[in-house]
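> sharing a sequence plus its predicted fold:
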Amino acid sequence: MIHDAVLDYYGRRLATCSSDKSIRIFEIDGDQQQHVETLRGHDGPVWNVSWAHPKFGVILASGGYDGRVIIWKEINNSWSKLAEHTFHQASVNSVSWAPHELGAILACASSDRRVSVLEFKDDGTWDTRTFPAHSVGCNAVSWSPCTPPASLIRTGKDQDLNFFKKIVTGGSDNLLKIWNFSNEHNNWVIEEVLEGHTDWVRDVDWAPNIGLPKSYIASASQDKTVIIWTKEGDGPWKKTYLSEEPFSDTVWRVNWSLLGNILAVSCGDNLTCEYRQVLKRLTSNDKKTRDSVVELLPSLLSLRPLEYVELLKLWKGLYYSMWMCDRPLAQQKLANDFANLIFKCPSQNSLLFLRAFWETICREWNLIDSLRLDKFYLLIRKNIEGGFRLCMSLDWSEEIVNNYVLLLQDIPLNPTNPKVPNSIRYHILDVYLDELDKFFPVKSKNQNFQIKLLLTPFVNLLEKSSDKYLKKYVSETIFLDKRIESWNNNGNDHNFDNQVSDIDDKNEDSFIEEWYGFDD
């Protein structure tokens, strides 16, 4: 998936960056293009590229998911790294060169909430400044023209202007912020906060100075709107929505033309088209095609939170991809890859991703022939483990464990849902404690391991299921397993006497009456 495509100052070179960790350089001649170089140096998807002004040579900056900023230079048709910076602790989402009058200065926006400004010095070194810009991730940065509005049409002494450094940033706090470099404080200070978007600001672009007495900034947001911010002289910034109706999807990019009179807008429909292509290729008969798509899925999921209906469609594609995978080793790798996708989703999407899996597997289960059952049993097991790993990643907090348990209780372990095949329930019973056993002993000082919560779905099965054979299997495989008692005695201070004794006293099944909980 290509994330950015930028022409150089003369429109003769095109740089693209993509999820495959690479940057590609093309020579442009009319309507012809020729691929001339592939640059590799990032360890993850490359989100953004930016050409420097040609007065500094053929220089390109790139920022990526790995937190790196790499500056590339071409000399005699050979590309090499001019510099590499790793001071950001999270994804670098945007890189932007300053107006050439200010020198070779690069601003970078990162998900670690910070902006860094790199300035190339005459001695060949880079001076680096970083400052916190947003309360959550910083997604975009753009430079202001270095002269006041309308300065191009001034005459006489007014032309002798002092250049200034100013940038605008957009963040996941829904805000735009304007920053000015203060020579007095020798630091970047906030000048203005612009409020107008109701969701993440995905991109910002400050219009070039073409002699008009106004400043213009365009901002794109996940709220499906584009706002044009206008300021005249020393007056306040005023906002105008580009269209009365929201766009059909997230607006990812905005870009002014060199003259500042045309604004290009890139809407999430492009992503939707790419997403549909991904689903189609997941079901391809060609293994190489399917494998290439699976490699792209982590970056696709990390781009934005998918709607639940999109996650259901994605899991339908993953289901068919597993269906067509025949070799045991390939099946194991695919099951692992699919289960790991939960950690590529934005945090608010993790449990929705798991929910979509369980809904899909329960819906499609009866269509699976006996020769294919084993690989889908493996997929179930890996997703159970994935749920436990998600809980562990959040230190087994009561909230995440409770939400995970409610998910299991609502779909695959729902005792009253006739659409859930019993064979899925039995398989969960077979592997649940084995997968949970992998996470003991808990090596965290915070041993808030909610073992009681984790067994709630099985107590619920005993209470509400009308299938006596299933209830007997629950008792034998879960509550009579000696590991539970050992975990209970391992500093977790949970006792199931009261919980199991709450099961309906009128229940006539003798195998339930054999369960008395743990001794004090």
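Right, received. Where do you want to start?
> let me see the confidence value for residue 78.
What the model reports as pLDDT for residue 78 is 94.
> any idea how far it is from residue 173?
Separation of residue 78 from residue 173 (C-beta to C-beta, to the nearest Å): 43 Å. Bear in mind the C-beta positions are built from the backbone N, C-alpha and C, glycine included.
> domains in this structure, by residue range?
Domain ranges of the chain: 134-267, 269-393, 395-520, per automatic domain parsing.
> next, residue 297: phi, psi?
Backbone torsions of residue 297, given as degrees, to the nearest 10, read phi -60, psi -40.
> do you know how far the closest residue in space to it that isn't next to it in sequence is from residue 330?
Nearest residue to residue 297, sequence neighbours excluded (C-beta to C-beta, 6 or more residues apart in numbering): residue 341, at 6.0 Å. As for residue 341, its distance to residue 330 is 17 Å (criterion: C-beta to C-beta).
> so residue 357 is in contact with residue 315, correct?
Yes. Contact criterion C-beta atoms under 8 Å: residue 357 and residue 315 qualify, at 5.4 Å.
> which one's more surrounded, these two?
residue 357 (29 against 23; other C-beta atoms under 10 Å).
> element containing the more buried one?
Element membership for residue 357 (DSSP states H and E) is helix 350-364.
> could you dump that helix to PDB, C-alpha only?
Presented in PDB, the C-alpha positions along helix 350-364 are these (Å, rounded to 0.1, in the frame of the first residue of the first chain):
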ATOM      1  CA  SER A 350      -8.700  -4.900  19.700                       C
ATOM      2  CA  LEU A 351     -11.700  -6.600  21.300                       C
ATOM      3  CA  LEU A 352     -13.900  -5.700  18.300                       C
ATOM      4  CA  PHE A 353     -11.300  -7.600  16.100                       C
ATOM      5  CA  LEU A 354     -11.700 -10.600  18.400                       C
ATOM      6  CA  ARG A 355     -15.500 -10.300  18.400                       C
ATOM      7  CA  ALA A 356     -15.500 -10.300  14.600                       C
ATOM      8  CA  PHE A 357     -13.400 -13.500  14.600                       C
ATOM      9  CA  TRP A 358     -15.800 -15.400  16.900                       C
ATOM     10  CA  GLU A 359     -18.900 -14.200  15.000                       C
ATOM     11  CA  THR A 360     -17.300 -15.300  11.700                       C
ATOM     12  CA  ILE A 361     -16.100 -18.700  12.900                       C
ATOM     13  CA  CYS A 362     -19.400 -19.500  14.500                       C
ATOM     14  CA  ARG A 363     -21.300 -18.500  11.300                       C
ATOM     15  CA  GLU A 364     -19.100 -20.400   8.900                       C
END
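> okay, buried residues for that helix please.
350-363 (16 or more other C-beta atoms under 10 Å).
> same question, stretch 82-102
For stretch 82-102, by 16+ other C-beta under 10 Å, it's 82-83, 85, 87-88, 91-99.
> repeat that for stretch 100-120.
Here stretch 100-120 shows 103-120 as buried, counting by 16+ other C-beta under 10 Å.
> show me what counts as buried in stretch 321-341.
321-323, 325, 331, 334-335, 337-339, 341.
> quick one: residues contacting the residue nearest to the spatial centre of the chain.
Nearest residue to the geometric centre of the chain (C-alpha atoms, centre = their mean): residue 302, 2.2 Å. Taking C-beta atoms under 8 Å, 6 or more residues apart in numbering, we find residue 302 in contact with 45, 65, 344-346.
> using CSV, write out every CA atom in the longest helix along the chain.
Identified as the longest helix of the chain according to DSSP state H is helix 373-393. Provided in CSV are the C-alpha atoms of helix 373-393 (Å, rounded to 0.1, in the frame of the first residue of the first chain):
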residue,chain,number,x,y,z
LEU,A,373,-11.4,-28.9,10.7
ASP,A,374,-8.0,-29.3,12.3
LYS,A,375,-6.6,-26.0,10.9
PHE,A,376,-9.7,-24.1,12.1
TYR,A,377,-9.4,-25.7,15.5
LEU,A,378,-5.8,-24.4,15.5
LEU,A,379,-7.1,-20.9,14.5
ILE,A,380,-9.5,-21.0,17.5
ARG,A,381,-6.7,-22.0,19.9
LYS,A,382,-4.4,-19.2,18.6
ASN,A,383,-7.2,-16.6,19.1
ILE,A,384,-7.8,-17.7,22.6
GLU,A,385,-4.1,-17.3,23.3
GLY,A,386,-4.3,-13.9,21.6
GLY,A,387,-7.0,-12.8,24.0
PHE,A,388,-4.9,-13.8,27.0
ARG,A,389,-1.9,-12.0,25.5
LEU,A,390,-4.0,-8.9,25.1
CYS,A,391,-5.0,-9.1,28.8
MET,A,392,-1.3,-9.6,29.8
SER,A,393,-0.3,-6.6,27.7
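> lowest-pLDDT helix or strand in this protein?
Sorting the helices and strands of the chain by mean pLDDT, DSSP states H and E puts helix 510-513 at the bottom, at a mean of 40.
> sorry, back to before: surely the residue nearest to residue 297 is in contact with residue 299?
No. The pair residue 341 / residue 299 is not scored as a contact, 11.1 Å apart, by C-beta under 8 Å.
> what are the boundaries of the helices in the chain?
Going by DSSP H, the chain shows helices at 269-282, 287-303, 308-323, 328-340, 350-364, 373-393, 398-410, 422-437, 451-454, 456-464, 468-474, 482-487, 497-501, 510-513.
> any idea how far residue 261 is from the residue nearest to residue 297?
Taking C-beta to C-beta, one finds residue 341 at 44 Å from residue 261.
> just residue 293 next, same as before
Residue 293 sits 40 Å away from residue 261 when distances are taken as C-beta to C-beta.
> now do residue 459
Where residue 261 is concerned, residue 459 sits at a distance of 68 Å (C-beta to C-beta).
> again, but for residue 379
Residue 379 is 54 Å from residue 261, by C-beta to C-beta.
> tell me which of the two has more neighbours.
Between residue 379 and residue 261, counting by other C-beta under 10 Å, residue 379 is the more crowded of the two (21 against 11).
> residues in contact with the more buried one?
Taking C-beta under 8 Å, 6+ apart as the test, what residue 379 contacts is 322, 335, 338-339, 361.
> would you turn those into CSV with pLDDT and distance to residue 479?
Output for those, formatted as CSV (pLDDT from 0 to 100; distance: C-beta to C-beta, whole Å):
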residue, pLDDT, distance to residue 479
322, 95, 32
335, 95, 28
338, 95, 31
339, 94, 27
361, 96, 25
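> from these, which single one is nearest residue 387?
Closest to residue 387 out of the contacts of residue 379 is residue 339 (9.1 Å), distances taken as C-beta to C-beta.
> hang on, that closest one packs against residue 382?
Yes. Residue 339 is within contact range of residue 382, at 3.8 Å (criterion: C-beta under 8 Å).
> residue 252: how many residues sit nearby?
When counting by other C-beta under 10 Å, one arrives at 22 neighbours for residue 252.
> just give me the neighbour total for residue 124.
Residue 124: 8 neighbours (other C-beta under 10 Å).
> where in this structure is pLDDT low?
In the prediction, the chain carries residues with pLDDT under 70 at positions 150-161, 210-212, 269-277, 303, 440-449, 488-520.
> ok, what's across the strand from residue 238?
On the basis of DSSP bridges, residue 238 is bridged to residue 230.
> so it sits against residue 217, correct?
No. Using C-beta under 8 Å, residue 238 is not in contact with residue 217, being 10.9 Å away.
> out of those two, which sits in the busier spot?
Neighbours were counted for residue 238 and for residue 217 using other C-beta under 10 Å; residue 217 has more, 24 against 11.
> how much space separates the spatially closest residue to the more buried one that is not a sequence neighbour from residue 266?
Nearest non-adjacent residue to residue 217, counting by C-beta to C-beta, 6+ apart: residue 229, 4.2 Å away. For residue 229, the distance to residue 266 (C-beta to C-beta) stands at 19 Å.
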